[in-house]
Every structure is written in structure tokens, then in C-alpha cells.
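Q: Sequence first, predicted model second:
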Amino acid sequence: MNDNGKLRVVLATHNAGKIRELADPMADFGIEVVGLSLFPEIGEIEETGTTFEENALIKARAVCAATGLVAVADDSGLEVDALDKGPGVYSARYSNDWESLPGESVDKRNMRKLLFELRDVPQARRSCRFVSCMVAVHPDGRELVVRGTWEGRILEEPLGENGFGYDPLFWDESIRKSAAQLTRDEKNARSHRGNALRALLARWSDFMAGK
Ligand code: IMP
């Protein structure tokens, strides 16, 4: 508990964007979210798992053990059906084997590789989904695992300026927009991470009560 009687939860990420996204909805549940910046002694945690669940659990277990606090972690990525659900857990590192063009960001290089790999794949077979696995680990050993998904299709060229990662290539047919054409609130309302967070919060009280 912190000074205001709120439960303090550590989010097992250095990503300020993720902390911002998760802190407000969790605060409504009486949870105060802090990031790893409060615990500089915890270094980078290697994601050695082969599934989103494994990677999220690796991060949350390590942070829970190091802090003695309830730890929440998420691991996410893009599954493309024509690539046997790749790049999956390797989404962030997908194009590390490609050379960057001058001034090209990793996100742009990842998209360039994805478009190349799908160059002969017709629209009808470009189905994909974003996946987010979110876990909570309690110091007494209890673990909560939830998953959120967002179904879409990979476009043939980037569209939109918002978001990050593969957002400009992700087309949501139900609203006929790319993820990068959505505001942050519009994206949260339908995204994999938004869905995973809603699933986590729906089960939070039972998890904390040990049910
Ligand atoms: P991580 O969960 O921080 O390891 O992120 C995995 C990678 O998946 C990111 O670096 C992005 O490439 C991709 N990714 C995850 N969520 C999103 C999203 O909401 N939009 C676009 N790309 C995403």
C-alpha cells in the first residue's frame, strides 16, 4: 500500500507510453501504477520465451521477486496468418537481420520487411491480428494471465500517422480505417492491449482476494 491506502503495483516495463496507457484505468480501480524507473537496480529483462504468455510471465515474475510487490507485465505482437503467425513474439526484432536505409527507424524497417515478405500474398490472404498477453504476479505466488486480440488485415502500403510499430499497415475492416488513423482513445477502445487490460481488470478483485 502507498500513503493514500492505494495498492501499489509495478508495471514491468521501461516504456513510458505503456505506463501512461495503463495507469489511468488502473487508478480507477484504486491501484497506483509505478514503472521500473523507481527500481533502477532492475536491469533489462531478457524475453527468452517462445509465446507471449511466457515472455509476460518472465518479466512479471522477475520484477515481483525483485520488489516484493504485485507486478503486471504485458507482451504483445503481430500475428500474420500467411507467415504462420509470425513475426509473433519476434515483432519488435523482426527486421534486425535487415540493414536500415539512411534515417530509417526500426518500426519503418519492420514494415518494409513485412511488405516484402507479403509481396505475392493477395488481399484475401493478408489476415492478421495484434495480440497482447497481460499477466499479474503476486508475491505469494498467485498468477493471473489474460489475453486480448484485435483482428485485421495487412495493407499493401502504410496509411495514417498515429500510433507506433505496425499501426500504419494494420487495417480494421469493421471501421474501415488503419490503426494509425485512430486517436489514442479510439485505438484503446478496440485494441488488443485495451481488450487485455479490460479482461485483467474484470478479474482483478477476485485475483487480489485469492479467489
Ligand atoms: P512489446 O510488447 O513491447 O515487446 O512489443 C512488441 C512489438 O509488437 C512492438 O515493438 C511492435 O512492433 C508490435 N506491436 C505491439 N503492439 C502494437 C500496436 O499496438 N501497434 C503496432 N505495433 C504493435
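A: Nice, thanks for sending it over. Residues are numbered from 1 along each chain as shown.
Q: CA only for contacts and neighbour counts going forward, please
A: OK.
Q: Report the central residue of the protein.
A: residue 76 (3.6 Å; Cα atoms, centre = their mean).
Q: Next one, pLDDT for the closest residue to that residue other than its chain neighbours please.
A: In space, and not counting its chain neighbours, residue 76 is closest to residue 132: 4.2 Å by Cα to Cα, 6 or more residues apart in numbering. In this model, residue 132 is scored at 97, pLDDT.
Q: how many neighbours does residue 132 have?
A: Other residues near residue 132 come to 26 when the count uses other Cα atoms under 10 Å.
Q: So what does it look like in phi/psi?
A: Residue 132 adopts backbone torsions of phi -130, psi 130, taken as degrees, to the nearest 10.
Q: One more: the one 5 residues further on?
A: Phi and psi for residue 137, reported as degrees, to the nearest 10, are phi -120, psi 130.
Q: Let me know the distance separating it from residue 49.
A: Residue 137 sits 17 Å away from residue 49, going by Cα to Cα, to the nearest Å.
Q: on that earlier part again, tell me who's in contact with the residue nearest to residue 76.
A: Residue 132 makes contacts with 52, 74-77, 147-149, 192-193, 196, as judged by Cα atoms under 8 Å, 6 or more residues apart in numbering.
Q: Likewise for residue 190?
A: Listed by Cα under 8 Å, 6+ apart, the contact set of residue 190 reads residue 150.
Q: Residue 144 - how many residues pack around it?
A: 16.
Q: Now name the helix or strand holding it.
A: Assessed by DSSP states H and E, residue 144 sits inside strand 143-154.
Q: C-terminal to that strand, what's the next element?
A: strand 170-172.
Q: Relative to that next one, what are the paired strands and their orientations?
A: Strand 170-172 sits in its sheet next to strand 143-154 (antiparallel), strand 177-178 (antiparallel), going by DSSP bridges.
Q: and for the longest one, what are the contacting residues?
A: Translated: strand 143-154. Strand 143-154 has contacts (Cα under 8 Å, 6+ apart) with 53, 123, 126-137, 169-173, 190-197, 199-200, 207.
Q: that older thread, show me which of residue 137 and residue 49 is the more surrounded one.
A: Taking neighbours as other Cα under 10 Å, residue 137 and residue 49 compare with residue 137 leading, 26 against 13.
Q: So which elements touch the longest helix seen in the chain?
A: The residue-count maximum for a helix in the chain (DSSP state H) belongs to helix 52-67. The contact analysis (3 or more Cα pairs under 8 Å, 6 or more residues apart in numbering; DSSP states H and E) places helix 52-67 against strand 7-11, strand 70-80, strand 127-137.
Q: That'll do, ta.
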